[in-house]
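Undergrad: what would the 3D arrangement of this be:
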Amino acid sequence: MSISPNKVVLFQPQGSIDLQGGTAFSQQMLAVTPQPDQLWVIDLSEVDFMDSSGLVPLIDGLTSAREIGCRLVLCNVQAPVRLILELTQLDSVFEIFDTYDDIFTNNIDKNLALAS
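TA: Next up is the predicted model:
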């Protein structure tokens with residue numbers, strides 16, 4: 001099976017995702033055109049703070065991904081961010097994985113090509 005680098009899109013925001021950081025993250029996500037059958041991975045390992053305005057790019061990204069037929073997942077969610085997701089009950093809306101590798105070891109979709 002040939003591995004297509006266009007199948008997995010990895011986002012790695014850093015620092016705080018608040019109004020300012022959320023705007024920058026939204027622009028980063030908008031710069032990528034979602035394609036059907038892509039996997040969008042948002043690695044939150046470097047995000048130490050998120051407020052309610054930081055949820056906007058996540059929700060917008062999930063909405064865009066679903067409209068096109070992409071899958072959007074979160075991984076490496078730090079405790080302060082996980083708390084915000086739990087308080088807003090968005091932890092039940094997003095697929096959340098402990099690590100990046102867990103996304104692929106628990107993946108039931110065998111047709112997904114992994115980017116190296």
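Undergrad: any idea where the strands of this protein begin and end?
TA: Counting by DSSP state E, the chain has strands at residues 8-11, 15-17, 39-43, 47-50, 71-75, 95-97.
Undergrad: okay if I get the ones you listed as TSV plus mean neighbour count and distance to Gln27?
TA: Every C-beta, even on glycine, is put in place using the N, C-alpha and C of the backbone. Shown next, in TSV, are those (neighbours: other Cβ atoms under 10 Å; distance: least, Cβ to Cβ, whole Å):
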stretch	mean neighbour count	distance to Gln27
strand 8-11	17	12
strand 15-17	19	13
strand 39-43	21	15
strand 47-50	19	16
strand 71-75	20	17
strand 95-97	17	24
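Undergrad: quick one: those as CSV, columns for mean pLDDT and distance to Ser64 too.
TA: Output for the strands of the chain, formatted as CSV (pLDDT from 0 to 100; distance: least, Cβ to Cβ, whole Å):
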stretch, mean pLDDT, distance to Ser64
strand 8-11, 93, 12
strand 15-17, 93, 17
strand 39-43, 95, 9
strand 47-50, 94, 19
strand 71-75, 96, 8
strand 95-97, 97, 16
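Undergrad: and the closest residue to Gly21 other than its chain neighbours, bridged to which residues?
TA: In space, and not counting its chain neighbours, Gly21 is closest to Gly15: 6.0 Å by Cβ to Cβ, 6 or more residues apart in numbering. Beta-bridge partners of Gly15, counted by DSSP bridges, are Val47.
Undergrad: gap between Gly15 and Val81?
TA: Using Cβ to Cβ, to the nearest Å, we find Gly15 at a distance of 12 Å from Val81.
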